[in-house]
Each structure stands twice: as C-alpha cells, then as structure tokens.
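>>> Fold the stuff below for me.
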Amino acid sequence: MPTAARKRAFACIGSGAAIGTLGGLMGLGGAEFRLPVLVGVLGLAVRAAVPVNLAVSFIVLLAALPARATTIALDDLLAHLPEVLGMAAGSIVAAYVGVGLLKRVSDRALGTLILGLLMALGVVMIGDAFLGDGGAGIVPHIPAWRALASAACGIVVGLVSSLLGVAGGELIIPTFVLGFGVPVKLAGSMSMLVGLPTIAAGLVRHLRDPACPLRSSGTWRDTVGPLGIGSVLGAVVGGLLLGLVPADALKVTLGVILIWSAFRTFAHQKR
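Below is the predicted model:
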C-alpha cells in the first residue's frame, strides 16, 4: 500500500474510532462529528462528504442494533409501534426527496445550510443533557394521532438526514421522549429502527447519481471501509466505558465542540 494511502487509512480508522467512542458514550452514532472530519481533515468536498457519511452511519447502526436489542424488551417496542412506523414513513420519504433537493443547491448555499444544521444540532445536544423523563408526552395516547404526529416529525428528521448524512438520533430521541413520553433508553432503540431505513432511502437515491462517490470502489476502500471499522470499534469501546463518564457533562462538552468544529469547517471551506 502506498505511503499516502496508508496514512489516509490510519487517519480514517483513528478518527472513526475517536468519533465512535464518543458516540458510544452518548448512545449515538456520532455522524455529526464525522462530517467536519470528512471535509476539514480528509479533504472531501461537502457534496461528496454527505453520501460517504450516510454510508458510514449505516454501517455503525447495523453493528450497534444487535447489541441494543439485548437491552430492550420486544413488548416495549411493540407498544410504540405506531410512533416508530409513522416517523419511519415520514423520514424515508423526506430523505429520498431531500437528496434530490440537495443536487439543486449551490455549493456555497449547501455549506451554509450544513453549518446552520450542525450548529443547531450542537444546541440540541446541549439541551439533551438536561432532558429528563418526558412524562406522559404531548401527543394524546390515540394510535392514529401518534402515527400522524410522528410522521410529521419524521419529515424533519429525513430532511436533516439527507442533508448531513446522519441517522438523526439527536432529533429523534428528544422527540420520542418529550412528544410521546417514551423512556430515554427505549427511545434510543426506536431511533435506530427509524434511522436505518431513513439512511437506506438516502443511499438509494444517492447511488442513482452517476457522479456519486459511493459508486467508486476506491471510496469504499480508502474512506468508507476504514472509517466504518474505526467507528464500530470505537462504539464498542464507548459502550464499555459508558458508566465511567458523566453522560450529561459529556453531551454539553461535545455540543460545544460540535458548534466550534462546524464553524471552523465552514470557515475552511470559504477560504
């Protein structure tokens, strides 16, 4: 393997492991932190970084779901099936449509939009540190109402997913907790069930584009594969360290870091 390729592989695995560890500690995929790394460190264009981030996010979620399934009872998930199906339906449609909208946005406007979304997610992450029990939730306990409300929320999640290449857990989990009164741990598993088909819909739409970097085997070999390996390994380590780090303090710190790194990446793109 050439020296440059070897260095890139090590950089991907190392950054993926670091991000995966942070994501494992928070119970999230860490894709929001991966996007600034793809653009600012690995040098991908913003438009190419989004589908690459989607692909790595899909790998991380697939690896994390079996471990998560052992901690949540199936009956608990089935009790909230209308919310899961409603949000998944809304987010899948929005993610598929959002990729089409992405192609019509100029590079400069796309960079500005991504900056705003990442900074907003940083604020949400900080607020999530103070998120307690959602109680009964805002939406009435009527299956039809809950399915429609979750579908409407899913549209927002799908658009964010298509624009950032993320699963949207930072938005899905607070929505389930505050809007539908779902316990936080259960909301995390429900978030994965929504995130996987949402990402898949975005990937399908991206792969239809002949210019999509994911159509190149080199992208998978040099970027997606090493990042995915590092992220999965890091997520395992983060899960093992979960009880050693105060989760709320970590979320506040990482929310601030996300806002700062997003701004720095956007400034780098302007230069």
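>>> residue ranges of the helices in the stretch 151-271 of the chain, please?
Read by DSSP state H, counting those that start in this stretch, the stretch 151-271 of the chain holds these helices, from start to end of the chain: 169-174, 180, 184-207, 217-219, 225-240, 247-270.
>>> List the residues that contact Pro140.
Applying C-beta atoms under 8 Å, 6 or more residues apart in numbering to Pro140 gives the contacts Arg146. Placement of C-beta: from N, CA and C, glycine included.
>>> just Ile13 next, same as before
With C-beta under 8 Å, 6+ apart, Ile13 has these contacts: Pro226, Leu227, Ile229, Gly230.
>>> Go through the residues you listed and say which is closest to Leu203.
Of all the contacts of Ile13, the one with the least separation from Leu203 (C-beta to C-beta) is Leu227, at 15.1 Å.
>>> now the closest one: how far from Val46?
Taking C-beta to C-beta, to the nearest Å as the measure, Leu227 falls 17 Å from Val46.
>>> Could you list the low-confidence segments of this protein?
Scanning the chain for pLDDT under 70 picks out 1-2, 24-29, 67-72, 131-137, 239, 242-247, 250, 266-271.
>>> re the thing from before, between the helices of the stretch 151-271 of the chain, which gets nearest to Leu117?
helix 247-270 (8.5 Å).
>>> picking that back up, now the two most distant members of the contacts of Ile13.
Looking at these by C-beta to C-beta, the two members farthest from one another are Leu227 and Ile229, with 7.4 Å of separation.
>>> Tell me which of these two has more neighbours.
For Leu227 versus Ile229, the count of surrounding residues by other C-beta atoms under 10 Å is larger for Leu227: 30 against 19.
>>> Would you agree that one is in contact with Leu54?
No. Counting by C-beta atoms under 8 Å, Leu227 does not reach Leu54; the two are 11.8 Å apart.
>>> Which neighbours do the two have in common?
Applying C-beta under 8 Å, 6+ apart, one finds that no residue jointly contacts Leu227 and Leu54.
>>> Excluding chain neighbours, give the residue nearest to Ala200 in space.
Ranked by C-beta to C-beta, 6 or more residues apart in numbering and with sequence neighbours excluded, the top spatial neighbour of Ala200 is Phe58, at 6.8 Å.
>>> Could you list every helix and strand in contact with the helix or strand harbouring that neighbour?
According to DSSP states H and E, Phe58 maps onto helix 46-69. Packing partners of helix 46-69 (3 or more C-beta pairs under 8 Å, 6 or more residues apart in numbering; DSSP states H and E): helix 3-26, helix 31-40, helix 107-128, helix 143-164, helix 184-207, helix 225-240.
>>> quick one, the third one and helix 143-164 angle?
Compare the direction of helix 107-128 with that of helix 143-164 by axes from the mean of the first three to the mean of the last three C-alpha atoms, to 10 degrees and you get 130 degrees.
>>> other SSEs contacting helix 107-128?
Counting contacts by 3+ C-beta pairs under 8 Å, 6+ apart, helix 107-128 packs against helix 31-40, helix 46-69, helix 143-164, helix 169-174, helix 247-270.
>>> just the last one next, same as before
Under the contact criterion of 3+ C-beta pairs under 8 Å, 6+ apart, helix 225-240 touches helix 3-26, helix 46-69.
>>> Check the ones you listed for me and report the most buried one.
Looking across the helices and strands packed on helix 225-240 with neighbours counted as mean count of other C-beta atoms under 10 Å, the highest average goes to helix 46-69: a mean of 22.
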